[in-house]
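# I need the structure of the sequence given here:
(one chain, ligands or ions: 1)
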Amino acid sequence: MIMRRKFLKLICISLLGLILVPHRYLYSQTKKIINQNLTKEQKDILFNEGTERPFTSSLLYEKRVGFYHCANCGNKLFSSTAKFDSGTGWPSFSEALPGAFKTKVDYSFGMERIEYHCAKCGAHHGHVFNDGPSKTGKRFCNNGLCLIFIPSE
Ligand SMILES: [Zn+2]
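Numbering: from 1, shown residues only. Below you'll find the model as predicted:
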């Protein structure tokens with residue numbers, strides 16, 4: 001009887017392990033949510049590498065002088081001087097502030113693209129392309145929902 005209980009207990013622990021291990025693996029991959037007020041749409045882009053629908057961001061029409069910050073952690077990412085109208089429907093920038101982002105190669109959708117994410121919190125922001133019109137040659141294609149614009153006084 002005691003043996004049988006021990007055996008059952010062992011099975012229970014094994015099953016629990018099977019359930020918990022993949023979760024632990026997933027959680028260890030998850031980037032850290034710092035801003036607790038993020039919407040579902042923002043979280044989907046920042047943490048699941050989603051993309052907002054083009055021409056939906058109010059930041060497309062933002063022309064004031066200031067800086068664009070990470071919506072999750074507040075890290076300063078772009079200056080308004082680097083912003084340009086790419087016609088793609090997403091806020092676009094010719095360069096990021098030094099050290100603002102880290103990049104990785106993204107092979108999703110059968111394409112090879114350079115994905116970039118916030119160097120401070122790891123949240124996904126967009127993709128960078130080598131077809132920019134300015135002297136940097138870069139086009140940072142950023143989801144507007146990932147950015148917070150703070151105008152300079
Ligand atoms: Zn961040």
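# so where do the strands sit in the chain?
Under the criterion DSSP state E, the chain carries strands at the ranges 66-70, 76-79, 83-84, 92-93, 101-106, 113-118, 124-129, 139-142, 147-151.
# so where's the chain shaky on pLDDT?
1-3, 7-8, 10-30 (pLDDT under 70).
# interface residues of it facing the ion?
Within the chain, the residues that sit near the ion (CB under 5 Å from the ion) are 70, 72-73, 75, 118, 120-121, 123. For glycine as for every other residue, the C-beta is placed from the backbone atoms N, C-alpha and C.
# of those residues, buried ones?
Buried members of the residues of the chain next to the ion, counted by 16 or more other CB atoms under 10 Å: 70, 72-73, 75, 118, 120-121, 123.
# who's the spatially most central residue of the chain bridged to?
By CA atoms, centre = their mean, the chain has its centre lying nearest to residue 124, at 1.4 Å. Beta-bridge partners for residue 124, by DSSP bridges, are residue 117.
# and if you look at the one 4 residues further on?
For residue 128, the beta-bridge partners under DSSP bridges are residue 114, residue 140.
# residues in contact with the residue lying closest to residue 126 once chain neighbours are set aside?
Excluding the flanking residues, the one nearest residue 126 by CB to CB, 6 or more residues apart in numbering is residue 142, at 4.1 Å. Contacts for residue 142 (CB atoms under 8 Å, 6 or more residues apart in numbering) come out as 68, 77-78, 90-93, 125-126.
# and the residues you listed as TSV, adding distance to residue 100?
Converted to TSV, the contacts of residue 142 look like this (distance: CB to CB, whole Å):
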residue	distance to residue 100
68	10
77	4
78	7
90	17
91	14
92	15
93	10
125	9
126	12
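# what is the most widely separated pair among the residues you listed?
Longest distance between any two of these is 14.2 Å, between 77 and 90; criterion CB to CB.
# the two: who's more crowded?
The neighbour count for residue 77 versus residue 90, taken as other CB atoms under 10 Å, is higher for residue 77 (26 against 23).
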